[in-house]
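J.: I would like to see how this sequence folds:
(one chain, ligands or ions: 2)
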Amino acid sequence: MNRDWTATARTLSEALPYLQRYSGAVVVVKFGGNAMGDDQAMAEFARDIVLMKQVGMNPVVCHGGGPMINELLGKLGIESTFVRGKRVTTKDTVDVVEMVLSGLVNKRIVQAINDAGGRAVGISGKDDDLMVCEADDPELGFVGRPVEMNVQIIRDLYKAGLIPVIAPVATGMADNETFNVNGDTAAGAIAGALRADRLLLLTDVAGVKDKTGQVLTQLHPDQVRDMIADGTIAGGMIPKTETALKALQDGVRAVVILDGRVPNATLLELFTEHGAGSLIRSTPPSTRPRGLRQGEASL
Ligand SMILES: Nc1ncnc2c1ncn2[C@@H]1O[C@H](COP(=O)(O)OP(=O)(O)O)[C@@H](O)[C@H]1O
Ligand SMILES: CC(=O)N[C@@H](CCC(=O)OP(=O)(O)O)C(=O)O
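T.: Ligands and ions are numbered 1, 2, ... in the order given. Down below sits the predicted model:
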């Protein structure tokens, strides 16, 4: 097959303004369990993260792993139920959740990033008391709602040239307490505390869809609230969009919900005019382009 090297060079050249704008930007990427896919897809995701770091951005990876938790719980004969998109978590379940998220899933991502030439460090919300939680709702058991964020550890890691990879498991206010935190909630809390330039939520749909099934490329928070109220946004998309609204309130510049199974999804969003998925931000869509403006990155 003949490769069009001229086109490759042109693509790189066209990316220059985006590379300049995002230099120093803090980008929190939530990698959902359903977006992870096979080893090749994981390797491609890892390359994109390493590329972001290489061009001077500060990527922070927060991951999920719901399907992987289901798999081990299934093998152990433990059933789990979900209420409003969150896993009802008993004492036994929380041990399995921590093993899977902080162990298997976290280290798989760390290894993939390191194999791609990056320097990833895997931590959970417990490390340096990054994310301290209280019980979200008595009905859910050991499911945590972040009440105190200590994000200095993340800044220390990215300033040292490292890529933080964070599992959504947290410490409680009482001694020896462990909480299972929804991956979107954890990523939103971390992005908010960092006042990140972007929060990218990688999932398994192309974006937020309207009543006719069309993906909306740009949304205002008011539009999202209306779509939740009239039932257009439902199921797992509710916690995701609610996370987006909270993150914007906390000072994140924009949130993008996009399909993580699409090759190079993060690069498509950050480094092309086309973008990917649904971008949610408070500024009216028509008044400004999709990416950051020159000199706008936070650091
Ligand atoms: N308006 C909507 N637009 C897009 N997806 C929606 C919408 N309403 C509900 N959904 C559902 O939300 C799901 C995404 O949430 P979820 O499965 O929890 O993702 P993840 O596992 O990546 O966190 C989609 O697969 C889709 O079925
Ligand atoms: C409280 C709660 O529901 N926690 C999630 C944590 C993992 C997660 O969020 O994984 P995805 O992003 O892959 O869905 C769970 O137990 O499944």
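J.: three-state assignment of the nearest residue to residue 204 once chain neighbours are set aside?
T.: Spatially, and ignoring its direct neighbours in sequence, residue 204 is nearest to residue 34 (4.1 Å; C-beta to C-beta, 6 or more residues apart in numbering). (C-beta placed from N, C-alpha, C; glycine too.) Following DSSP: H, G, I helix; E, B strand; the rest coil, residue 34 is assigned to helix.
J.: then residue 43?
T.: Three-state call for residue 43 (three-state DSSP): helix.
J.: quick check: it vs residue 155, distance?
T.: Here the distance between residue 43 and residue 155 works out to 28 Å (C-beta to C-beta, to the nearest Å).
J.: now stretch 97-108: mean pLDDT?
T.: For stretch 97-108, the mean pLDDT works out to 98.
J.: name the residues that touch that stretch?
T.: Here stretch 97-108 makes contact (C-beta atoms under 8 Å, 6 or more residues apart in numbering) with 33, 36, 42, 63-65, 68-69, 72, 87, 89, 122, 124, 126, 165-169, 178, 180.
J.: thinking residue 135 is in contact with residue 170, fair?
T.: No. Look at residue 135 against residue 170 with C-beta atoms under 8 Å: they stay out of range, at 11.2 Å.
J.: of those two, which one has the most company?
T.: More crowded of residue 135 and residue 170, by other C-beta atoms under 10 Å: residue 170, with 27 against 17.
J.: and that one, that one's in a helix?
T.: No. Counting by three-state DSSP, residue 170 is not part of a helix but strand.
J.: how about the helices in the protein?
T.: Along the chain, counting by DSSP state H, helices occupy 5-14, 16-21, 33-36, 39-54, 66-75, 91-98, 106-115, 152-159, 183-194, 221-229, 237-249, 265-271.
J.: what is the shortest one packed up against?
T.: Okay, so that is helix 33-36. helix 66-75, strand 198-203 (3 or more C-beta pairs under 8 Å, 6 or more residues apart in numbering; DSSP states H and E).
J.: do that helix and ligand 2 come into contact?
T.: Yes. Judged by C-beta under 6 Å from any ligand atom, helix 33-36 comes into contact with ligand 2 at 33, 34.
J.: neighbouring contacts of that helix?
T.: Contacts for helix 33-36 (C-beta under 8 Å, 6+ apart): 42, 45, 63-69, 105, 183, 202-204, 259-261.
J.: ok so, going back, give me the buried entries from the contacts of stretch 97-108.
T.: 33, 36, 42, 63-65, 68-69, 87, 89, 122, 124, 126, 165-169, 178, 180 (16 or more other C-beta atoms under 10 Å).
J.: can I get stretch 65-76 as CSV, trimmed to CA atoms?
T.: Only the C-alpha atoms of stretch 65-76 are listed here, as CSV (Å, rounded to 0.1, in the frame of the first residue of the first chain):
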residue,chain,number,x,y,z
GLY,A,65,-13.3,-0.6,35.1
GLY,A,66,-16.9,-1.6,35.8
PRO,A,67,-16.9,-4.5,33.3
MET,A,68,-13.7,-5.9,34.8
ILE,A,69,-15.2,-5.7,38.3
ASN,A,70,-18.3,-7.5,37.1
GLU,A,71,-16.0,-10.3,35.6
LEU,A,72,-14.2,-11.0,38.9
LEU,A,73,-17.4,-10.7,41.0
GLY,A,74,-19.0,-13.2,38.6
LYS,A,75,-16.1,-15.7,39.1
LEU,A,76,-16.5,-15.3,42.9
